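Peer 1: Could you look at this predicted model? Sequence included:
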Amino acid sequence: MSLPTLSLPHAIGVGDLAASPIDKTKTLLGDRWLCRGGAVVMVGSTGVGKSSASMQQDILWALGREAFGIKPNGALNILTIQAENDTGDLAVMSRGVMDGLELTQDERDLANEKAKYVQAMGSTGEDLLDLVAKYLEEYRPDILRLDPLQAFLGGDINSAEVAAKFLRSGLNPLLAQYDCGLILVHHTPKPSRSSDKNRPDDFSHIGMGSSDITNWARAGLYIESSHERGVYRFRATKRGGAIGWRDELGEKEYDRWYKHGENNWVWEATTPSIRKPGQKDYSAESVMLIVPEKTSEGIYRSTLIAKANRSAGIPIAKVKAFIEQLLDEGQLKAKEAEVGKKGGRKATVYHRARGVATWYRDKNGRPQMKAADQIRPPTIEEEEEFNDGIRRITWDWESKMRQKIYRETDLEKKAALQVQLDQGTDNQELALRLSEWVDNNK
């Protein structure tokens, strides 16, 4: 039996790929965050406002305007096929968003022309794909939105086979045929009893069901609840750097905060005022409280930024701005330190500055400002006590070094220890102990 002749796609060499120009007309959102033929999965738990966020995105992108910091490549035609909201819900939602955005009549007319909604309750699997094909043929949108995935899948959402059949075999050919992008609205699973929290690298797979859903999508956006009612964290997960978010310094951001507006429909950019019950608004003080109180101890720049972001919930761009503020005010001092066993690589280390008003924690853990005039020069008696302390520490260290040299049997190591002893105060251990003594007795 002869096999049928297959029409194979043309193979392209890597050199030709590298020389190929980027077709900017294929970009729909962000910096190639969503392109024609590609898909974004937008994930959030029940009740966070995915539908109202979707409505706001559809209206603004139809007008060619930025929504949630995501810029469209012109005024886009958008078709949403959804199975969660009835006509009344959609009417209230669309009216609330357009009123909240204060659109003119011309803008309302344009949004009405370019953003369309279809209710498809009851269609799943192959039937849904047939329906999608008919609407794509009729409306030819730039972006298709399906809301939500599990209402349309028509099978076990945990099955990679079911997901691949619907997404890869079903939707992909349609996106290619009609040259459009897809935003797939998706739910998180019900809360687990486990107290374990998701690590940052797990947010891409925060949606319920098979991991192939995330693997298939080109990009991801996760809407995360916060401790403050009505305030949510938008995380750009998979390919987050392409979403187009940048801080005031021009560096990429991967999360932003938004809240429901006064009319409860329009989302507004915000800064979380409460990260945990009872916690104050974050500020440069919040960053300073992470820096070790002893001026002899330091903290790596990367560690300070990570702790301020993960523990205090401060956006990375804000942390960096606060660090620059603290450096300008003289509360922080920066120095370069070699890292790694063999050195050769340098990293920035921050220390508290001496003699400058700054923030500390008292014995009860409460933040307190230590004024500059409280950090006074030492008296003559304190200087003498300090010098006595240096002598005591030096004698103690030299005695221990001599014992160490006496016990050492390896001649090379013995010689190295002797050199270390001869160098005296250049020894790192001694220098650290002297610095700690100064901090504890100043």
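Peer 2: Received the coordinates, thanks.
Peer 1: Skipping its backbone neighbours, what lies nearest residue 38 in space?
Peer 2: Leaving out its chain neighbours, the residue that sits closest to residue 38 by CB to CB, 6 or more residues apart in numbering is residue 218, at 4.1 Å. C-beta here means a position set from N, CA and C on the backbone, and glycine is covered the same way.
Peer 1: Now do the SS call for the closest residue to residue 141 other than its chain neighbours.
Peer 2: Leaving aside its chain neighbours, residue 141 sits nearest to residue 79 (3.9 Å; criterion: CB to CB, 6+ apart). At residue 79 the chain is in strand, as set by DSSP: H, G, I helix; E, B strand; the rest coil.
Peer 1: residues near residue 79, how many?
Peer 2: Residues within reach of residue 79, counting by other CB atoms under 10 Å, total 23.
Peer 1: and it, what are its bridge partners?
Peer 2: Following DSSP bridges, residue 79 is listed with bridge partners residue 116, residue 144.
Peer 1: any idea how far it is from residue 146?
Peer 2: Counting by CB to CB, to the nearest Å, the gap from residue 79 to residue 146 is 10 Å.
Peer 1: and the residue nearest to residue 38, how far is that from residue 178?
Peer 2: From residue 218 over to residue 178 the distance is 17 Å, taken as CB to CB.
Peer 1: tell me the domain ranges of the chain?
Peer 2: Split into domains by automatic domain parsing, the chain comes to 23-269, 284-374, 380-441.
Peer 1: can you tell me which of those domains comes nearest to residue 11?
Peer 2: Residue 11 lies closest to domain 23-269 among those, at 18.1 Å (CB to CB).
Peer 1: what about the closest one, start to end distance?
Peer 2: Start-to-end span of domain 23-269 (CA to CA, to the nearest Å) is 32 Å.
Peer 1: Return the distance of it from the chain's centre.
Peer 2: In terms of CA atoms, centre = their mean, to the nearest Å, the centre of domain 23-269 is set 18 Å apart from its chain centre.
Peer 1: same thing with stretch 299-306?
Peer 2: 16 Å.
Peer 1: Tell me the buried residues in that stretch?
Peer 2: The neighbour-count check on stretch 299-306 (16 or more other CB atoms under 10 Å) flags 299, 301, 304-305 as buried.
Peer 1: For that stretch, which outside residues touch it?
Peer 2: Residues from elsewhere that reach stretch 299-306 (CB atoms under 8 Å, 6 or more residues apart in numbering): 287, 290-292, 316, 319-320, 323, 334, 337, 339, 347-350.
Peer 1: And for stretch 30-41?
Peer 2: Applying CB under 8 Å, 6+ apart, the external contacts of stretch 30-41 come out as 22, 26-29, 70-71, 142-143, 149, 167, 171-172, 175-176, 179-184, 186, 207, 213-214, 216-221, 238-239, 241-244.
Peer 1: Which ones among these lie within helices?
Peer 2: Per DSSP state H, helices hold the following members of the contacts of stretch 30-41: 149, 172, 175-176, 213-214, 216.
Peer 1: wait, which of these is closest to residue 45?
Peer 2: Closest to residue 45, out of all of these and judged by CB to CB, is residue 149, at 14.1 Å.
Peer 1: Next, count neighbours for the residue lying closest to that closest one once chain neighbours are set aside.
Peer 2: Of all residues not flanking residue 149 in the chain, residue 186 sits nearest, at 4.8 Å (CB to CB, 6+ apart). As a burial measure, residue 186 scores 25 neighbours (other CB under 10 Å).
Peer 1: repeat for residue 319
Peer 2: Neighbours of residue 319 under the rule other CB under 10 Å: 23.
Peer 1: Could you find the closest non-adjacent residue to it?
Peer 2: Spatial nearest neighbour of residue 319, chain neighbours left out: residue 308 (4.3 Å); criterion: CB to CB, 6+ apart.
Peer 1: same thing with residue 122?
Peer 2: residue 83 (7.7 Å).
Peer 1: which stretches of this structure have low pLDDT?
Peer 2: For the chain, applying pLDDT under 70 flags the ranges 1-8, 191-204, 248-249, 263-264, 272-282, 294-297, 311-312, 338-345, 354-397, 423-442.
Peer 1: Ramachandran coordinates for residue 164?
Peer 2: The phi and psi values for residue 164, taken as degrees, to the nearest 10, are phi -60, psi -40.
Peer 1: ok, now which ones touch the nearest residue to residue 230 once chain neighbours are set aside?
Peer 2: Leaving aside its chain neighbours, residue 230 sits nearest to residue 260 (4.7 Å; criterion: CB to CB, 6+ apart). Applying CB under 8 Å, 6+ apart, one finds that residue 260 lies in contact with 49, 52, 230, 266-268.
Peer 1: Roughly how far does residue 72 sit from residue 136?
Peer 2: 19 Å.
Peer 1: Check residue 222 too.
Peer 2: Counting by CB to CB, the separation of residue 222 from residue 136 is 27 Å.
Peer 1: Comparing the two, which residue is more hemmed in?
Peer 2: When neighbours are counted by other CB under 10 Å, residue 222 comes out ahead of the other of residue 222 and residue 136, with 26 against 19.
Peer 1: Give me the nearest residue to the more buried one, chain neighbours excluded.
Peer 2: Nearest non-adjacent residue to residue 222 (CB to CB, 6+ apart): residue 235, at 4.3 Å.
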